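requesting a structural model of the entry that follows:
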Amino acid sequence: VLINERVKDELQQGKNLRNAVTSGYKNALSAILDSNITTLITGFVLLVFGTGPIYGFSVTLIIGILSSLFTAILLTRLIMEWMLKKERNVKFASKGTANLLRNVNFDFLGKRMMFYSISGIVVLAGLVSIFTKGLDFGVDFKGGWSYTIEFDQPVAVNSVRERLTVHLQSAPEVKTYGFDNKFQITTEYLVEDNTEGATATAEAALMKGLSQFSGSNPTLLSYNKVGPTVANDIKISALYALGIAICLMFLYILIRFRKWQFALGTMVSLVHTVLVVLALFTLLEGIMPFAMEIDQAFIAAILTVIGYSINDSVVVFDRVREFLGGRRHGEDEPLVINNALNDTLSRTLITGMSTIFVIIILFTFGGETIKGFTFAMLIGVLIGTYSSLCI
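Sure thing, here's the model as predicted:
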């Protein structure tokens, strides 16, 4: 998106296609590298200090960024050069999108107090809800009962989960266990009840739910009480890792942009995005028609949103830096910053919408187990885009 938008800018300045492509790739490089290096810093810090699922996430993140840089910068350039050599007529916009968001003049800085107020109210309401109602921590944080069940014939995973949700008071984690008639079921039902009859009560509730499958004859093969997979040491190491990553990103942006305001602005945008996602999760918990648990999937969503928020903010600030560098003597700084923000609208919204389309498809068709994860991603990307421009 950044490369194509930059080439489109060069074409609108009257350059021929070959020169526009060369300039587009060259001028987009600083924004691409800065935004990806800041995210890579997070990845490497999590790799060094993270454990368990955090470590796994960091490995995937680093591989993803390096692969993306290789394909987006090198492979697309090779394809573009081949098409230019063949004298293909490459278009970077249709008639309907050539001037899309080109003449927008929204006063971002003039309305900043309104944005601060809206965000402040949401975050404050979320913090009040967290301290009064609390967050709904899943099995990953609290532990639970793990059962291995076998049926006489294949049964759908979703059907097992739906039948058990009523009897176990929340949706359990259901996974096929080798075959499509054998399942591993994990539930937090009565996990904090240490009385003598809790084990038998939990097992009775489980078997009552499974007995609704007529003719399938469910058999309990084994059961045990499992501890939280996200233990305290993992939580503490993750917090340390994020703290160090934020400090290193602040220093990198400070060195690259030579102004502490850019570094502080990126960090504020990042923290704001995470706080708003947490606030909406706790405020909407019990209202939305699906589980909104804080589990490993939610942590993955938050880490992904952090990467997205940093990426987006740095891209916006790169254009602000460019516009401030070309400011004429006596030109009003707020006006220059507003012009830069309006100039990035097209690429910011295209990047956001292309991500949101994928998340909406996941949210709609991905099944009940990842509803909470995709919802966190969806509001995270929306808030991240808003945060980069308005906060």
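
phi first, then psi, for Lys182.
phi -130, psi 130 (degrees, to the nearest 10).

what number of residues lie near it?
Neighbour count of Lys182, defined by other C-beta atoms under 10 Å: 17. Where C-beta positions appear, they are placed from N, C-alpha and C, glycine not excepted.

swap in Phe375?
22.

if I look at it, how far off is Leu382?
11 Å (C-beta to C-beta, to the nearest Å).

so which helix or strand takes in Met45?
Wrong residue type there; residue 45 is Val, not Met. Per DSSP states H and E: Val45 is located in helix 17-49.

same for that helix, what does it pack against?
With contacts taken as 3 or more C-beta pairs under 8 Å, 6 or more residues apart in numbering; DSSP states H and E, helix 17-49 sits against helix 2-12, helix 53-69, helix 76-85, helix 232-257, helix 296-325.

let's see 6 Å
helix 2-12, helix 53-69, helix 232-257, helix 296-325 (3 or more C-beta pairs under 6 Å, 6 or more residues apart in numbering; DSSP states H and E).

out of these, flag the one nearest Ser346.
Of all the helices and strands packed on helix 17-49, the one in closest proximity to Ser346, counting by C-beta to C-beta, is helix 2-12 (6.0 Å).

which other helices and strands does that closest one contact?
helix 17-49.

tilt between the helix it packs on and helix 76-85?
170 degrees (axes from the mean of the first three to the mean of the last three C-alpha atoms, to 10 degrees).

just how off-centre is helix 17-49 within its chain?
Put simply, helix 17-49 sits 19 Å off its chain's centre (C-alpha atoms, centre = their mean, to the nearest Å).

what's the answer for stretch 263-271, then?
Distance, centroid of stretch 263-271 to centroid of chain: 16 Å (C-alpha atoms, centre = their mean).

okay, buried residues for it please.
Buried residues in stretch 263-271, counted by 16 or more other C-beta atoms under 10 Å: Ala263, Gly265, Thr266, Met267, Ser269, Leu270, Val271.

equivalent analysis for stretch 347-362, please.
Buried, per 16+ other C-beta under 10 Å, within stretch 347-362: Arg347, Thr348, Leu349, Ile350, Thr351, Gly352, Thr355, Ile356, Ile359, Leu362.

and the third one, what is it in contact with?
To tie it back to what came earlier, the one meant is Leu349. Not one residue lies near Leu349 by C-beta atoms under 6 Å, 6 or more residues apart in numbering.

relative to helix 2-12, how tilted is the helix or strand containing it?
Per DSSP H and E, Leu349 falls inside helix 333-365. In terms of direction (the same axes, to 10 degrees), helix 333-365 departs from helix 2-12 by 130 degrees.

other SSEs contacting the helix or strand that comes right after helix 333-365?
Heading C-terminal from helix 333-365, the first helix or strand you meet, by DSSP H and E, is helix 371-390. Here helix 371-390 touches helix 260-284, helix 296-325, helix 333-365, going by 3+ C-beta pairs under 6 Å, 6+ apart.

what about Ala245, how many residues nearby?
Around Ala245 there are 25 residues (other C-beta under 10 Å).

would you agree it is in contact with Phe44?
No: counting by C-beta atoms under 6 Å, Ala245 does not reach Phe44; the two are 8.5 Å apart.

where does the stretch 1-150 of the chain dip in pLDDT?
Counting by pLDDT under 70, the stretch 1-150 of the chain has low-confidence residues at 51-53, 98, 139-140.

got the contact list for Ser117?
No residues are in contact with Ser117 under the rule C-beta under 6 Å, 6+ apart.

do you know how far Tyr116 is from Ile391?
8 Å.

then Phe183?
According to C-beta to C-beta, Phe183 and Ile391 sit 45 Å apart.

of those two, which one has the most company?
Phe183 (24 against 21).

find the residue closest to the more buried one in space, skipping its chain neighbours.
Ile149 (5.0 Å; C-beta to C-beta, 6 or more residues apart in numbering).

pretty sure the one you found sits in a strand.
Yes: under DSSP: H, G, I helix; E, B strand; the rest coil, Ile149 sits within a strand.

beta partners for it?
Phe183, Leu220 (DSSP bridges).

re the thing from before, got the helices and strands packed on helix 17-49 as a markdown table, with distance to Ser159 columns?
As requested, the helices and strands packed on helix 17-49 are exported to a markdown table (distance: least, C-beta to C-beta, whole Å):
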| stretch | distance to Ser159 |
| --- | --- |
| helix 2-12 | 45 |
| helix 53-69 | 28 |
| helix 232-257 | 33 |
| helix 296-325 | 21 |
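
quick one: closest of the ones you listed to Asn19.
Nearest of the helices and strands packed on helix 17-49 (C-beta to C-beta): helix 2-12, 7.2 Å.

residues contacting that closest one, please?
Outside helix 2-12, the residues touching it (C-beta under 6 Å, 6+ apart) are Ala20, Val21, Ser23, Gly24, Tyr25, Asn27, Ala28, Ala31, Ile32, Phe92, Ala93, Arg347.

tally of neighbours for Thr344?
24.

that one reaches Val316, doesn't it?
Yes: at 5.2 Å, Thr344 counts as touching Val316 under the criterion of C-beta under 6 Å.

give the contact list for Asn217.
Per C-beta under 6 Å, 6+ apart, neighbours of Asn217: Asp152.

that one should be in a helix, yeah?
No: Asn217: not assigned to a helix; according to three-state DSSP it is coil.

begin at 9 from now on, thanks
Happy to do that; since the first residue is 9 now, the last one works out to Asn225.

and it, how close does it get to Met215?
For Asn225, the distance to Met215 - C-beta to C-beta - is 11 Å.
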